[in-house]
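Engineer: Need the 3D shape of this:
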Amino acid sequence: MASEESPLLVPTAHEAIYDRFAPDQKRWIVFHVSFAGLLAMFVQVTFVPSIPQIAKDLDLTHAVVSLALSLSVFANAIGALCWSAYSSFYGRRSIYLWGIPFLCVGSCGVALSTSLQSLLFWRFVQMFGCAGALSLGSGVIGDIYKLEERGTAIGIFFSVTLLGFTFAPFIGGAATQYWSWRNLHYSIGAWGLLEMLFIYLSFPETSHPGTLGIDKLPSRRRIHIKWINPLSSLWLLRSPNLFAVMFASALMVNTMYVLLVPISNTIGIRYGITNDAIIGAFFLPNGLGCFGGTLVGGRLSDIVVRRWREKRRGAYCPEDRLRATWIGGLLLVPLSVGASGLITTYVGGPTGLALNIICLYANGVGVELVLNPTNSYNVDIAHSRSAEAAAACMAGWSLIMSVATALIIPTIERIGVAWTDIIAAVLAVIGQGIIFLTIRYGDSMRASIDVGFSTMENN
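Structural biologist: I've put the predicted structure just below:
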């Protein structure tokens, strides 16, 4: 059995394939996928502040309209699995061009909705269309950047995408208040058409030559349609490495949900804040922390990979990238969420409010210091199916977080915010422990179940 110090990948002539695109072309491609990711995040987040107005217009309760949020999680998971699976057969560019029309039609459908049934149906179509943006973006970056460059590029991609998470609540709320939630979704549809035009005119196919399923067909028709099971990507999670990293990442993301989902019931009630706009402003520190954390995390993970590769005289082990998670996973994430619970419970006034803002920012930084290296690690070890690996992990997150989110407020009501946040902090430490075990035993875990891991010939 190979040891932790044994190389999985070494420099080869295959690395020349990453020189197909000039540096300026690579930056343009990253801009494209980041813009698509930003659009997807806007679609997800701008819906939340419009719920009261939608409920009023359609004569529904807030709780009933909120069913669209649960449906969005499901559509996002199914869509990501579907688009990523087909991207391995038809290519990234084709799937972007196929997915965006669903987004555009769904956005117009949401804007025209006059009943709960039509709202839920078109919201599903809308979310399904943009669901592949994050997994496809990760796959594209894996296609064009070498190992030591991927973390930084993925950091840029996710930082731009997370601008949507940071500012979309304000924009969505303002558009709903001073314009119309229907016009907001028409605008999203128009944005989608613009993005589709940009991709059609200037986005190249990034998949490595000869690796697509359609390229391997002995003969094909002008229009070749093939059935691909979208759930096949989930089978990648039978790999102990991919499952462990997915589960650990979910425990980190859980701390963010614990802080943000009940914020009106925790920080709002504790400090006497009833204005919805001010409550929404508390998303900003966490979003800015995510923005900074993903940039730092990407560059840091690349530095760690290079240093360990130099230490091993050119040999490379993929788990080296996970060593960049320590600061975020062991310190910032658990300390920020645990401290926020204690501060909210025991520290009142402006001092408590200011300390909570610091905790929200630190949590955003810490979570992204973990997510960026883990996302890059998935691309590294399953490079030939990088988009599918990313989609499978995101689907796993969606399943776990859909359950966790439903438990947050009842848990706070039963045992209090302090103990709820402390439990989340302990789970985060457990998640970091899982990452440590993956670093330590990653080679044995890969050997136990091989799902087509990258080798020196194809990474």
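
Engineer: Contact partners for the residue nearest to R20 when sequence neighbours are not counted?
Structural biologist: Nearest residue to R20, sequence neighbours excluded (CB to CB, 6 or more residues apart in numbering): I144, at 7.6 Å. Heads up, the C-betas are built off the backbone N, CA and C, glycines and all. I144 makes contact with 18, 20-21, 26, 29, 153, 206, according to CB atoms under 8 Å, 6 or more residues apart in numbering.

Engineer: List just the nearest of those to T344.
Structural biologist: Set against T344, the nearest of the contacts of I144 by CB to CB is A153 (37.5 Å).

Engineer: G155 contacts G292, doesn't it?
Structural biologist: No - contact criterion CB atoms under 8 Å: G155 and G292 do not qualify, at 10.1 Å.

Engineer: These two - which one has more neighbours?
Structural biologist: Neighbour comparison, G155 and G292: the larger count goes to G155, with 26 against 17 (by other CB atoms under 10 Å).

Engineer: what about the more buried one, distance to V30?
Structural biologist: Distance of G155 to V30, computed by CB to CB, to the nearest Å: 10 Å.

Engineer: Now for the two: what residues contact both?
Structural biologist: Common neighbours of G155 and V30 (criterion: CB under 8 Å, 6+ apart): none identified.

Engineer: So what's the residue count around V258?
Structural biologist: When neighbours are counted by other CB under 10 Å, V258 comes out with 29.

Engineer: Next: the one 4 residues further on.
Structural biologist: Other residues within reach of P262 by the criterion other CB under 10 Å amount to 20.

Engineer: now do L71
Structural biologist: 16.

Engineer: Show me what the strand or helix carrying it is packed up against.
Structural biologist: For L71, the host element (DSSP states H and E) is helix 67-90. With contacts defined as 3 or more CB pairs under 8 Å, 6 or more residues apart in numbering; DSSP states H and E, helix 67-90 has these neighbours: helix 92-112, helix 116-130, helix 133-144, helix 386-415.

Engineer: Report the rounded mean pLDDT for that helix.
Structural biologist: With pLDDT averaged residue by residue, helix 67-90 scores 80.

Engineer: likewise stretch 412-420?
Structural biologist: Stretch 412-420 shows a mean pLDDT of 92 in the predicted model.

Engineer: that older thread, list the buried residues for the helix holding L71?
Structural biologist: Buried residues in helix 67-90, counted by 16 or more other CB atoms under 10 Å: 68, 71-90.

Engineer: Off-centre distance for that helix?
Structural biologist: Helix 67-90 sits 13 Å away from the centroid of its parent chain (CA atoms, centre = their mean, to the nearest Å).

Engineer: could I get that helix in PDB with only the CA atoms?
Structural biologist: The C-alpha trace of helix 67-90 is given here as PDB (Å, rounded to 0.1, in the frame of the first residue of the first chain):
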ATOM      1  CA  LEU A  67     -42.500  26.100  -0.200                       C
ATOM      2  CA  ALA A  68     -40.800  27.500  -3.300                       C
ATOM      3  CA  LEU A  69     -37.600  27.700  -1.300                       C
ATOM      4  CA  SER A  70     -37.700  24.000  -0.500                       C
ATOM      5  CA  LEU A  71     -38.500  23.300  -4.100                       C
ATOM      6  CA  SER A  72     -35.600  25.500  -5.100                       C
ATOM      7  CA  VAL A  73     -33.200  23.300  -3.100                       C
ATOM      8  CA  PHE A  74     -34.500  20.200  -4.800                       C
ATOM      9  CA  ALA A  75     -34.400  21.700  -8.300                       C
ATOM     10  CA  ASN A  76     -30.900  23.000  -7.700                       C
ATOM     11  CA  ALA A  77     -29.700  19.500  -6.700                       C
ATOM     12  CA  ILE A  78     -31.400  17.700  -9.600                       C
ATOM     13  CA  GLY A  79     -30.300  20.400 -12.100                       C
ATOM     14  CA  ALA A  80     -26.700  20.300 -11.000                       C
ATOM     15  CA  LEU A  81     -26.600  16.500 -11.400                       C
ATOM     16  CA  CYS A  82     -28.300  16.600 -14.800                       C
ATOM     17  CA  TRP A  83     -26.200  19.400 -16.400                       C
ATOM     18  CA  SER A  84     -22.900  18.100 -15.000                       C
ATOM     19  CA  ALA A  85     -23.500  14.600 -16.300                       C
ATOM     20  CA  TYR A  86     -24.400  15.800 -19.800                       C
ATOM     21  CA  SER A  87     -21.400  18.100 -19.800                       C
ATOM     22  CA  SER A  88     -19.100  15.100 -19.700                       C
ATOM     23  CA  PHE A  89     -20.800  13.800 -22.900                       C
ATOM     24  CA  TYR A  90     -21.600  17.000 -24.900                       C
END
